[in-house]
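[1] This is a predicted model, with the sequence first.
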Amino acid sequence: MDKRLPDLATAVARIEDGARLMIGGFGSAGIPFGLIDALLDHGAKGLTVISNNAGAQETGIAKLLKEGRVAKVICSYPRSPGSIWFERRYEAGEIELEVVPQGTLAERIRAAGAGIGGFLTPTAYGTLLAEGKETRVIDGRGYVMELPLHADVALLRADRADKWGNLTFHGTARNFNPVMASAAKYAVAEVRELSDVPLDPERVVTPGIFVQGVVEYGVRP
Amino acid sequence: MDKRLPDLATAVARIEDGARLMIGGFGSAGIPFGLIDALLDHGAKGLTVISNNAGAQETGIAKLLKEGRVAKVICSYPRSPGSIWFERRYEAGEIELEVVPQGTLAERIRAAGAGIGGFLTPTAYGTLLAEGKETRVIDGRGYVMELPLHADVALLRADRADKWGNLTFHGTARNFNPVMASAAKYAVAEVRELSDVPLDPERVVTPGIFVQGVVEYGVRP
Amino acid sequence: MNSLTDAQLAARVARDIPDGSYVNLGIGKPTHVSSYVPEGREIIYHSENGIIGVGPTPPEGEEDFEMIDASKRYITTAPGAAFFEHADSFAMMRGGHIDIAVLGAYQVAENGDIANWATLDEKFPPAVGGAMDLVVGVPTIFVMMRHTNRDGTPKLLRKCTYPLTGLAIVSRVYTDLAVLDLAPEGFRLVELTPGNTLEEVQALTDAKIHS
Amino acid sequence: MNSLTDAQLAARVARDIPDGSYVNLGIGKPTHVSSYVPEGREIIYHSENGIIGVGPTPPEGEEDFEMIDASKRYITTAPGAAFFEHADSFAMMRGGHIDIAVLGAYQVAENGDIANWATLDEKFPPAVGGAMDLVVGVPTIFVMMRHTNRDGTPKLLRKCTYPLTGLAIVSRVYTDLAVLDLAPEGFRLVELTPGNTLEEVQALTDAKIHS
């Protein structure tokens, strides 16, 4: 078994127009900048992007928005300082937006990866973000029914990988990366370093069974 | 902050008659034998025990059953080779049994720890173990609604801990221990070794926020 | 009227956080609370993006792009820290494991409702982040904000007019003018910033302040 | 009738597991399949109790009580292994990440139903373990069992009489007498153990075998 890929272009080659993409990262941590750049070169458009943020300045997801590749964003917090490309596309009515509370976003992604058909969360009960959704009250507490969120491809950023696809992360770069790995049909990770020997089984954060490809991209941004 | 306890007796002192107890372990791995022995000495009875197995021979949970301390067992697999004390108590009608599929048991415990009010699982749909439960069909697939499983106290076995209650495990001893830590009001772990320095934040498996007490019990059984 | 500075307000909030607490600080003003922990207390800070045990800002030149908090500021680790992923981080929040959250707000109502994620301005795309998860999961919610808007209109209301973040969940409000508990009857005065009178503060408050 | 030994049956199943597969082996006979992986294939074994990359049995004297598989047998790690906790382990199973599960069974019906967790004997307390999670989550379910019960009564039925583990999920059944696929029309013959005829095997089978 060898999941190592020769380059970033190979890693994104299978992404089709209209694909549902998960992209790891929170703020500057754990964003697969290399894979996103490769995706821009690759040219896929009409993408649905599932990510916590919608990019800032001219980097990462903001580049995809600037180049008009994104049809829909599903995220918790599109409005970061400097998220000018998101704001322009949104104001122009050029992209669809689904805002999901951050914990519900993570849990919907986990549900997809874990084969859960839906779950009841107290988050957003009684608010605008629960409008139109099924609710119920259990022991006096209100809950909203939320459904799993699947993707065709997940683009991830990790620290180290071995050829079985096992991943470790650095600092606060885990964020959405491990859970997104589990919810996509094809999860690919750019990593700071490919290890020639298996990673320590006690230290693996994302087991390789969730990862279909790994590619070295040495830069830690 | 110092969660280190002086001895096993202190760790179980707060367990009251009729308490709902989670006990970690699967087979011989990750079972808190020291805490269970201390609980026997402590004397609490009428306990509900939530665990994967119901003990074997004269060790662990089997001892609690033998001594008549258990009123109810919630588990996935009570019938291990040598589970004579479970079988005797069960045949005599002296204990109540709730059998839960293993993944549903783990997920119900996780739901309790994660503030999820319920979830839909395909497991057991159409079988005897779904009888009387709410079901629904989504996209042609059947699901059973399952509810969270909380506990008063969780007894855990870990490899190393620091004074903040952070835990690491050895081999296949993680099993139910991390998830149970999250679902109990008071989670206490016996550990092979208490570390004088903080554990490496990248290697912590169960963050100390889920753990209320740690006690050294050097034996690895 | 005597008005606390942001630093004084942060120090006032910090005084009410007991030793050994697990605390989440919201983005904006609340992040400053960690600079004012009283001597002898150990407070453990959680950040939604996957760390418990947030330490101080690193010295210049030692910043790490992959070591940040929820406000995207550079951080270090405190002793006893741990990293984890997002589903686990929000399990901590939603599951009731964090003791106290300190949040900013646009509005707080006398029944404990809080509005802190969206205004009625349609120009801005909505952005919620982790606010709704925090307010349902953390048993004690402290709100820290100016007593009024810049134009002098009140933020402590009989009823919120902005979209709600959470329903009936605020425990206590710290403003530059006063500290108020959310009691069954509504806002109850805890203390006035020295020099202020209840009448003065009431005049800047839409809801009734009980004393 | 020619009947495969357990070892021959395990080797036959192993032949059908492609290189690079993630596989869960049920307790009992299926655990032997890992001893017969054909030359040149790398198969990665998952065990529900929290390991992927199960390696061979350790040498005597090197057993570790905290290194076991779901059958509670001592194991080692294979290269590329990882440990995890139970909620994650069953997320792997339920979420469709494992390619193939090999299970024992009391009964398999021609619609793909499987019964392998409880008989009708009320003396025994019920025990389900992870069987129901595996059958709903793993896309390819191989069943490995004797063709008949010890008393000669059939285990391949028109309809299961024991409580079901899962509904319409078996892909293929390997018995000592034959290999059968679950097709839309029911059991379809893949191969007979050399020396057996379809008529002989059909006589020991309650459901019709299509060929």
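    Good, I have the coordinates.
[2] rest of the way, CA atoms for contacts and neighbours
    OK.
[3] which intervals of chain A have sub-threshold pLDDT?
    Chain A contains residues with pLDDT under 70 at A:220-221.
[4] Sorry, slip of the keys, the one I care about is chain C.
    For chain C, no range has pLDDT under 70.
[5] quick one, helices of it?
    Residue ranges of the helices in chain C, as given by DSSP state H, are C:6-15, C:86-94, C:131-137, C:198-203.
[6] Quick one: name the residues of chain A near chain B.
    A:115-122, A:138, A:143, A:170-171, A:202-203 (C-alpha under 8 Å from any C-alpha of the partner chain).
[7] Out of those, the closest to C:A10 would be?
    A:G171 (27.2 Å; C-alpha to C-alpha).
[8] show me the contacts for the residue most central in space within chain C.
    The residue lying closest to the centre of chain C (C-alpha atoms, centre = their mean) is C:L103, at 2.0 Å. Contacts for C:L103 (C-alpha atoms under 8 Å, 6 or more residues apart in numbering or on different chains) come out as C:25-27, C:30, C:141-144.
[9] Show me which pair in those is furthest apart.
    C:I27 and C:I141 (14.2 Å).
[10] Comparing those two, which residue is more hemmed in?
    C:I141 (23 against 18; other C-alpha atoms under 10 Å in any protein chain shown).
[11] Show me what the helix ranked longest in chain A packs onto, helices and strands only.
    The residue-count maximum for a helix in chain A (DSSP H) belongs to helix A:102-114. Counting contacts by 3 or more C-alpha pairs under 8 Å, 6 or more residues apart in numbering or on different chains; DSSP states H and E, helix A:102-114 packs against strand A:118-121, helix A:177-183, helix C:86-94, helix C:131-137, helix D:86-94.
[12] from the chain's centre, how far out does it sit?
    Computed by C-alpha atoms, centre = their mean, to the nearest Å, the chain-centroid distance of helix A:102-114 equals 11 Å.
[13] what does it rub up against?
    A:52, A:75-77, A:117-119, A:121, A:123, A:146-150, A:176, A:179-180, A:182-184, C:86-87, C:90-91, C:94, C:128-130, C:133, D:88, D:90-96.
[14] Residue numbers of chain C in contact with chain A?
    C:49-51, C:65-70, C:72, C:83-87, C:90-91, C:94, C:123, C:125-133, C:136, C:163-167.
[15] ok, 6 Å please
    Counting by C-alpha under 6 Å from any C-alpha of the partner chain, the residues of chain C close to chain A are C:49-50, C:65-67, C:72, C:85-87, C:90, C:127-130, C:132-133, C:136, C:164.
[16] what ranges do the helices span in chain A?
    So, for chain A - with DSSP H - the helices run A:8-12, A:33-42, A:61-66, A:84-91, A:102-114, A:177-183.
[17] Most tightly packed of these?
    helix A:177-183 (a mean of 29; mean count of other C-alpha atoms under 10 Å in any protein chain shown).
[18] so does that helix get close to chain D?
    No - using C-alpha under 6 Å from any C-alpha, helix A:177-183 stays clear of chain D, with a minimum separation of 8.2 Å.
[19] List the buried residues for stretch C:103-119?
    Neighbour-count burial for stretch C:103-119, counted by 16 or more other C-alpha atoms under 10 Å in any protein chain shown, picks out C:103-119.
[20] what about that stretch, distance to the chain center?
    For stretch C:103-119, the distance to the chain centre is 11 Å (C-alpha atoms, centre = their mean).
[21] Would you tell me whether stretch C:120-135 gets close to chain B?
    No - using C-alpha under 6 Å from any C-alpha, stretch C:120-135 stays clear of chain B, coming no nearer than 9.9 Å.
[22] ranges for the strands of chain A?
    A:20-23, A:47-50, A:70-75, A:96-99, A:118-121, A:135-138, A:141-146, A:151-161, A:167-168, A:184-194, A:213-216 (DSSP state E).
[23] Quick one: closest of those to B:G46.
    The nearest among the strands of chain A, by C-alpha to C-alpha, is strand A:135-138 at 27.1 Å.
[24] For the closest one, name the packing helices and strands.
    strand A:141-146 (3 or more C-alpha pairs under 6 Å, 6 or more residues apart in numbering or on different chains; DSSP states H and E).
[25] my read: C:A168 touches C:D113, true?
    Yes - with contact defined as C-alpha atoms under 6 Å, C:A168 reaches C:D113; the gap is 4.4 Å.
[26] distance of A:A187 from chain D?
    For A:A187, the distance to chain D equals 12 Å [C-alpha to the nearest C-alpha, to the nearest Å].
[27] Please report the distance of the closest residue to chain B within chain A from chain C.
    Residue nearest to chain B within chain A (C-alpha to the nearest C-alpha): A:F119, separated by 4.1 Å. Note on A:F119: its distance to chain C, by C-alpha to the nearest C-alpha, is 13 Å.
[28] I figured C:V143 hits C:S171, correct?
    No - shown here, C:V143 and C:S171 do not form a contact pair, counting by C-alpha under 6 Å, at 8.0 Å.
[29] where does chain C come near chain B, residue by residue?
    C:20, C:80-83, C:91, C:94-95.
[30] can we see that at 7 Å?
    With the criterion set to C-alpha under 7 Å from any C-alpha of the partner chain, chain C comes near chain B through C:20, C:42, C:79-83, C:91-92, C:94-95, C:97.
[31] from those, which is closest to B:I95?
    Nearest to B:I95 among the residues of chain C next to chain B, with distances taken as C-alpha to C-alpha, is C:G95, at 30.7 Å.
[32] Distance from the chain centre to stretch C:42-49, please.
    13 Å.
[33] end-to-end on that stretch?
    Taking C-alpha to C-alpha, to the nearest Å, stretch C:42-49 runs 21 Å from one end to the other.
[34] Now tell me what touches that stretch from outside.
    A:26, A:172, A:175, B:1, C:19-24, C:52-54, C:69-70, C:86, C:89-90 (C-alpha atoms under 7 Å, 6 or more residues apart in numbering or on different chains).
[35] which stretches of chain C form strands?
    Counting by DSSP E, the strands of chain C are C:22-25, C:44-47, C:51-55, C:76-83, C:100-103, C:107-109, C:114-115, C:140-144, C:156-157, C:172-174, C:178-183, C:186-192, C:209-210.
[36] Look at stretch A:3-11 and report the distance between its end residues.
    10 Å.
[37] wait, does it make contact with chain D?
    No - in terms of C-alpha under 7 Å from any C-alpha, no part of stretch A:3-11 sits within range of chain D; the closest distance is 10.4 Å.
[38] Quick check: C:L157 touching C:A207?
    Yes - using C-alpha atoms under 7 Å, C:L157 makes contact with C:A207 at a distance of 4.9 Å.
[39] For these two, list the residues in contact with both.
    The contact lists of C:L157 and C:A207 share C:E110, where a contact means C-alpha under 7 Å, 6+ apart.
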